[in-house]
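1. Curious how this folds, go ahead:
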Amino acid sequence: MPASAKSPRKTAVYVDGYNLYYGRLRGTSYKWLDLVRLFDAMLAQRDQNESLAMVRFFTAPALANFASHGKASVEAQSAYHRALKASYPDRFDLVYGTHAYDKSGTLLPCFVAGLPYDRTNRTRVWKLEEKKTDVNLALHMYRDVCKRTVSRVILVSNDSDAEPALVAIREDFPDIMIGLVVPIRPSISGGPVYRRTSGSLAKFSDWIAPSLSDDQLLQAQLPPIVPTRKKPIQKPVHW
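-> Numbers count the residues shown, from 1 in each chain. Predicted coordinates:
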């Protein structure tokens, strides 16, 4: 059978939402990102007879008290998630974790320029932590591979916490191809290097996209108004 006649290789994408936002989208005009369109285009460009079966997005609900725009940030995140689910009911999966923080504040050492670390000089701060995202991502990726629902996986993260999931897949399912998309800005020749690819993730990946360009993000935006069976969803004004 010629290669062109073979069934497309089903591919699933696993997105660390926190890492994507803070690594690439924060401070840009590309937050209204159509993840399914982005990876459809990426697989088409790779031209490896791959079909995008699912994008799984792992994040936690925004908290108004800690968000830059308060309640508007919560509403914007909700609108974005609903827009993706409405656009791709069969190819977009949203998996929520939680946020945790100590209401009495977390006691941490103070940084004083020019002085060595002093564990006795401490102050209370608000420390917000995202919980369950790493575990949810790892479990879903591994379970999808175990079920053989996909033959290729793509991780979108630069967080080395995802390394154990890649190690397990590499050891238990060596036939599964692993791709890594690093959600950072491309380095400009002669300019600053924003972040480097996690070596521990790269080590267990078959191929790597070391950044996401402005053009890739621009070409993969949701429409300003996303139709639904009920009220249309509008792109947040401050996005």
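
2. List of residues touching the biggest helix by length in the chain?
-> Longest helix of the chain, by residue count under DSSP state H: helix 71-87. The contact list for helix 71-87 (CB atoms under 8 Å, 6 or more residues apart in numbering) reads 31-32, 34-36, 57, 61-64, 67, 69, 92, 94, 222, 226-228, 233-236, 238-239. C-beta here means a position set from N, CA and C on the backbone, and glycine is covered the same way.

3. Among the residues you listed, which ones are in strands?
-> Of the contacts of helix 71-87, the ones assigned to strands by DSSP state E are 57, 92, 94, 226, 233-234.

4. would JSON lines of the residues you listed with pLDDT and distance to Ile208 be doable?
-> Shown next, in JSON lines, are the ones in strands among the contacts of helix 71-87 (pLDDT from 0 to 100; distance: CB to CB, whole Å):
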{"residue": "Phe57", "pLDDT": "98", "distance to Ile208": "21"}
{"residue": "Phe92", "pLDDT": "98", "distance to Ile208": "24"}
{"residue": "Leu94", "pLDDT": "98", "distance to Ile208": "26"}
{"residue": "Val226", "pLDDT": "98", "distance to Ile208": "32"}
{"residue": "Ile233", "pLDDT": "98", "distance to Ile208": "34"}
{"residue": "Gln234", "pLDDT": "97", "distance to Ile208": "36"}
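
5. what's the most distant pair in these?
-> Maximum pairwise distance in the ones in strands among the contacts of helix 71-87, criterion CB to CB, is 20.2 Å, between Phe57 and Gln234.
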